[in-house]
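build me a structure from this.
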Amino acid sequence: MRGKIVAVCISKNKGERKTNVGTGRLLTGLGLEGDAHAGFQHRQVSLLALESIEKMRQKGLDVKPGDFAENLTTEGIELTTLPVGARLKIGDALLEVSQIGKECHTRCSIYYQAGDCVMPKEGIFAIVVQPGVVSVGDIIEVVDNV
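As a prediction, the model looks like this:
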């Protein structure tokens, strides 16, 4: 299974929309360089499919990649079907899926800013196993689907 990267997003603070910076460095054991979530244990890098964002647009929300605080927005790869332990290759970088979705105990600021939040249901999280540069347009592919 393969797709492509459509946005590489970071933010200075947790709980806010992220900005597409086009290119970033994935650092082993940390995550996306310069992002507020870097180094956050097993949720170093967050991924969300453009197809999930499109669902929110169809509900009338004016949202774009990064608005759900995801680091990497993908297209053409079914993230929600991947099991924990699956490995994703992007250029030289290697990610390992560490969590599917997340539990939101309260409505976060993303929910209030965007009107809904798709991350808890359709976002995935990964750790960086091997570092590398990731850019918009890069191919992302499943290399080990445990």
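
which stretches of the protein form strands?
Along the chain, counting by DSSP state E, strands occupy 2-10, 19-20, 23-27, 31-32, 45-49, 72-75, 87-90, 93-100, 124-130, 132-135, 139-144.

could you dump those strands to TSV with distance to residue 62 and mean pLDDT?
For glycine as for every other residue, the C-beta is placed from the backbone atoms N, C-alpha and C. Listed next are the strands of the chain as TSV, based on distance: least, Cβ to Cβ, whole Å; pLDDT from 0 to 100:
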stretch	distance to residue 62	mean pLDDT
strand 2-10	16	97
strand 19-20	16	97
strand 23-27	25	98
strand 31-32	25	96
strand 45-49	17	96
strand 72-75	16	98
strand 87-90	28	98
strand 93-100	27	95
strand 124-130	24	96
strand 132-135	26	98
strand 139-144	26	95
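
tell me the pLDDT at residue 104?
Residue-level confidence at residue 104 comes out at 61, pLDDT.

related to what we said a few turns ago, between the strands of the chain, which one is nearest to residue 60?
Of all the strands of the chain, the one in closest proximity to residue 60, counting by Cβ to Cβ, is strand 45-49 (18.8 Å).
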